[in-house]
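> Provided below for reference: sequence and predicted model.
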Amino acid sequence: MRAIALFIVLSATTPFVSSSQAQDAAAGEKVFTKCKVCHVADKDQNKVGPSLNGVIGRTAGTHPGFSYSAAMTAAGKSGVKWDEPTLTTYLHAPQAMVKGTKMTFPGLKDDKDIANVIAYLKQFSK
């Protein structure tokens, strides 16, 4: 009984740590090396994939000068914006979220890696 009471007290007084607080941009930079073949985040430069500089808050399929697939353009027109939840879903399985995307990367399977990549991208999306 005492253990239950202690758990309740600790639960009530311990602040909730959200995934955004647990993100590690330095670790995300390491994971982002998988993305660097096609994307740049630290400057506005398109490569095989669109620049990810300023991606947080951007409408999908809208970066100037990049030729998106019809599927990605349609996703943007339907209201898809790159925020943390949307990026989390997309980075887990790009082709599942946007069927017909040109992005051939199979996705990141580790939720912590995804959170860290998002933290890394946030640095360039202010």
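Structure received. Keep in mind that this is a model prediction, so the values were computed, not measured.

> Need phi/psi at the spatially most central residue of the chain.
Central residue of the chain (Cα atoms, centre = their mean): residue 87, 3.5 Å from the mean position. Dihedral angles of residue 87 (phi, psi; degrees, to the nearest 10) stand at phi -60, psi -40.

> Now it. Nearest residue, chain neighbours left out?
Residue nearest to residue 87 in three dimensions, not counting chain neighbours: residue 118, with 5.5 Å by Cβ to Cβ, 6 or more residues apart in numbering. C-beta coordinates here come from the backbone N, C-alpha and C atoms, glycine included.

> That neighbour: how many residues sit nearby?
24 (other Cβ atoms under 10 Å).

> all numbers from here: first residue = 24
Fine by me, first position is 24 from now on; the one you just mentioned is residue 141.

> Check for me that it belongs to a helix.
Yes - the assignment for residue 141 is a helix, going by DSSP: H, G, I helix; E, B strand; the rest coil.

> My read is that it contacts residue 46, right?
Yes - with contacts counted by Cβ atoms under 8 Å, residue 141 reaches residue 46, the gap being 6.4 Å.

> what about the helices in this structure?
25-36, 48-54, 93-100, 107-115, 117-120, 134-145 (DSSP state H).

> surely residue 111 meets residue 139?
No - judged on Cβ under 8 Å, residue 111 makes no contact with residue 139 at a distance of 11.4 Å.

> okay, these two: which has more neighbours?
For residue 111 versus residue 139, neighbours defined as other Cβ under 10 Å are more numerous around residue 139 (23 against 16).

> tell me the contacts of that one?
46, 47, 48, 50, 51, 54 (Cβ atoms under 8 Å, 6 or more residues apart in numbering).
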